[in-house]
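Undergrad: could you work out the structure for the sequence below:
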Amino acid sequence: MNWLHYLLQVNLYLAGFYGFYCILLRRETFHQLNRSFLLAGTALAFFIPAIQSDWVRSWFVTQQVNESIYAYYNPSVVFIRPNYLDNHESAHPLAWGHVLAVVYMCGMLFLLGKFAFQLMRLSDLIRYRYHRKTNTAFAFFNHFFVGKNLSNRQTIEAHERVHVRQLHSADVVFFELVAIINWFNPLVYLMKQDIRLLHEYLADEVASKCEPSRADYAMLLFSQQFGVNTTDLVHPFFNKSLLKPRISMLQKTPSSTAALGKYGLILPVFGTMLFLSTAFSEQVTAQSQPATPAKPSQQPAKPSQPASAPDVYTVVDKAAGFPGGQRAMYDFLAKTVNYPKPAARANVEGRVFTRFVVEKDGSLSNIEIAKGLGFGCDEEAMRVLNAMPKWEPGIVKGETVRSYYNLPIYFTMDKKKTAKASK
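TA: Residues are numbered from 1 along each chain as shown. Next comes the predicted model:
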């Protein structure tokens, strides 16, 4: 799994959790539960791509979904050296994946710099807070400040103490880091805003008890000046952008106990995410079935063993692999695949799905076309596989074994009508 594949999955699951929150949970008054849901869902989104089940992988529907996904989407393609960049002769050939990596890193570095600047500004704010003659109030971890000239100072102080006691600043820093990693996803910024809103709801619940009524507390929010600008990392009592939803929530009737059942609905959503994580895995082995001999029209496999051998594994502890890893395999394919002339004349592009057995000695046998493209592409895929060096065999319980392997080979044309291939 390359970094692009991982990031796309993380943001897909982030969108799933946040969509569930917006549709079912946002209007409920279980603020502490909603806060835990957003935190846990965001953290899980980073781990789900690494959770894959061999049992789920063996399902027929998983293999069908995997093939459908990779028929239209393969993040590895961006790491194939494009011929039209004319950089094959370079010692460090450039691929679109490298360009994306540079753009992504630039975005991350910019936001890291902004985060460091906010921390420095916050340090000054805390250090000199008692020297400032301002009507402001804010909290950050175990530090909080309430201006001496503020009216209802006791109520505001109770509000800021809730932020300190419940470690709301830790949530803010966590979502700042999430936003730095996923800066290209606009949903992350909405999640940051919602977690802050939940913090204010929680603090308002406690602080409003210091006033005769919630209406009086709402009037306090209205009557105070909005204070000075601080930084995005603190919890200012006077936050103009969050004022309207805070007032609305103070007037809202508490949710009924029956509404707690909505949280259980996340289980099927979570199960779907685990299924997708397995279906997104780059290799789904074929179903357990005897391998069939190569078709007469196909070139014979270089090494050959009986196709019906019962000891061919579909699930292994360590999958077979091309020597040097996937990058080395992509380079080999890019150099070896020649675009068939009939396909070039017919302007045919697409993917040839191949399947073969990796023998114990690393040789490939029983090479076959699981789903062909025609116009000479199938024959070219067979030729390339027969030309491959020996692989590193699959391993089960420390022993090398024979194992199935599925490999899609992608044919696409550039301006020079040359071929590129990828998994």
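
Undergrad: for Thr42, which non-adjacent residue is closest in space?
TA: Leaving aside its chain neighbours, Thr42 sits nearest to Val178 (5.9 Å; criterion: CB to CB, 6 or more residues apart in numbering). Just so you know, the C-beta spots here come from the backbone N, C-alpha and C atoms, and that holds for glycine as well.

Undergrad: which elements pack onto the helix or strand hosting that neighbour?
TA: Per DSSP states H and E: Val178 is located in helix 168-181. In terms of contacts (3 or more CB pairs under 8 Å, 6 or more residues apart in numbering; DSSP states H and E), helix 168-181 is packed against helix 31-47, helix 96-127, strand 137-140, helix 186-207.

Undergrad: and the gap between the residue nearest to Thr42 and Val234?
TA: Taking CB to CB, to the nearest Å as the measure, Val178 falls 18 Å from Val234.

Undergrad: equivalent analysis for Ser123, please.
TA: From Ser123 over to Val234 (counting by CB to CB), the distance is 12 Å.

Undergrad: kindly report the same for Asp361.
TA: 64 Å.

Undergrad: more neighbours: which of those two?
TA: Between Asp361 and Val234, counted using other CB atoms under 10 Å, the more crowded position is Val234 (25 against 12).

Undergrad: what residue ranges in the stretch 251-400 of the chain score low on pLDDT?
TA: Low-confidence segments of the stretch 251-400 of the chain (pLDDT under 70): 282-310.

Undergrad: same check on the stretch 1-150 of the chain?
TA: The stretch 1-150 of the chain contains residues with pLDDT under 70 at 1, 71-95, 129-134.

Undergrad: surely Ala179 touches Phe110?
TA: No - here Ala179 does not reach Phe110: they are 11.8 Å apart, not a contact under CB atoms under 8 Å.

Undergrad: adding mean neighbour count, write the helices and strands packed on helix 168-181 out as CSV.
TA: Shown next, in CSV, are those (neighbours: other CB atoms under 10 Å):
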stretch, mean neighbour count
helix 31-47, 17
helix 96-127, 14
strand 137-140, 24
helix 186-207, 19
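
Undergrad: which non-adjacent residue is nearest Leu12?
TA: Leaving aside its chain neighbours, Leu12 sits nearest to Leu276 (7.5 Å; criterion: CB to CB, 6+ apart).

Undergrad: let me see the contact set for that neighbour.
TA: With contact set as CB atoms under 8 Å, 6 or more residues apart in numbering, Leu276 has these partners: 9, 12, 65.

Undergrad: which one of the residues you listed is nearest to Asn2?
TA: Gln9 (11.1 Å; CB to CB).

Undergrad: show me what the helix or strand containing the closest one is packed against.
TA: Counting by DSSP H and E, the element that carries Gln9 is helix 3-20. Judged by 3+ CB pairs under 8 Å, 6+ apart, the packing partners of helix 3-20 are helix 31-47, helix 96-127, helix 186-207, helix 266-279.

Undergrad: check which residues of that helix are buried.
TA: Residues of helix 3-20 classed as buried: 4-5, 7, 9-14, 16-18, 20 (neighbour count, 16 or more other CB atoms under 10 Å).

Undergrad: just to revisit the earlier point, which residues touch the residue nearest to Thr42?
TA: 42, 188, 191.

Undergrad: doesn't Met191 make contact with the first one?
TA: Yep, that's Thr42 we're talking about. Yes - counting by CB under 8 Å, Thr42 touches Met191, with 6.8 Å between them.

Undergrad: how close does the closest residue in space to Val206 that isn't next to it in sequence sit to Gly147?
TA: In space, and not counting its chain neighbours, Val206 is closest to Val162: 4.9 Å by CB to CB, 6+ apart. From Val162 across to Gly147, the span is 18 Å (CB to CB).

Undergrad: out of the helices and strands packed on helix 3-20, flag the one nearest Lys244.
TA: Set against Lys244 and scored by CB to CB, the helices and strands packed on helix 3-20 come closest in helix 186-207, at 10.5 Å.

Undergrad: let's see that closest one as CSV, backbone CA atoms only.
TA: Provided in CSV are the C-alpha atoms of helix 186-207 (Å, rounded to 0.1, in the frame of the first residue of the first chain):
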residue,chain,number,x,y,z
PRO,A,186,-12.5,20.2,3.4
LEU,A,187,-14.5,18.0,5.7
VAL,A,188,-11.6,18.0,8.2
TYR,A,189,-12.1,21.7,8.8
LEU,A,190,-15.8,21.2,9.4
MET,A,191,-14.9,18.5,12.0
LYS,A,192,-12.5,21.0,13.7
GLN,A,193,-15.4,23.5,14.0
ASP,A,194,-17.8,20.9,15.3
ILE,A,195,-15.5,19.6,18.0
ARG,A,196,-15.0,23.2,19.2
LEU,A,197,-18.8,23.7,19.2
LEU,A,198,-19.2,20.6,21.4
HIS,A,199,-16.6,22.0,23.8
GLU,A,200,-18.6,25.1,24.1
TYR,A,201,-21.9,23.2,24.6
LEU,A,202,-20.2,21.2,27.5
ALA,A,203,-18.8,24.3,29.1
ASP,A,204,-22.1,26.2,28.7
GLU,A,205,-24.1,23.4,30.4
VAL,A,206,-22.0,23.9,33.6
ALA,A,207,-21.5,27.6,33.5
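
Undergrad: can you count the residues close to the nearest residue to Ala346 once chain neighbours are set aside?
TA: Among residues not flanking Ala346 along the chain, Phe375 sits closest, at 5.5 Å (CB to CB, 6+ apart). Using other CB under 10 Å, the number of residues around Phe375 comes to 21.

Undergrad: what residues are up against Phe375?
TA: By CB under 8 Å, 6+ apart, the contact list for Phe375 reads 340, 342-343, 346, 348.

Undergrad: three-state assignment of the residue lying closest to Pro254 once chain neighbours are set aside?
TA: Distances taken as CB to CB, 6+ apart place Thr29 nearest to Pro254, at 4.9 Å, with adjacent residues excluded. Thr29 falls in the coil class when you classify it by DSSP: H, G, I helix; E, B strand; the rest coil.

Undergrad: quick one, helices of the stretch 251-400 of the chain?
TA: Applying DSSP state H, counting those that start in this stretch to the stretch 251-400 of the chain gives helices spanning 266-279, 326-336, 341-345, 377-386.

Undergrad: any chance of those in TSV, plus distance to Thr412?
TA: Below are the helices of the stretch 251-400 of the chain laid out as TSV (distance: least, CB to CB, whole Å):
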stretch	distance to Thr412
helix 266-279	24
helix 326-336	11
helix 341-345	10
helix 377-386	11
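
Undergrad: return the most buried member of those helices.
TA: helix 377-386 (a mean of 21; mean count of other CB atoms under 10 Å).

Undergrad: kindly state the beta-bridge partners for Ala137.
TA: Bridge pairing for Ala137 (DSSP bridges) gives the partners Val146.
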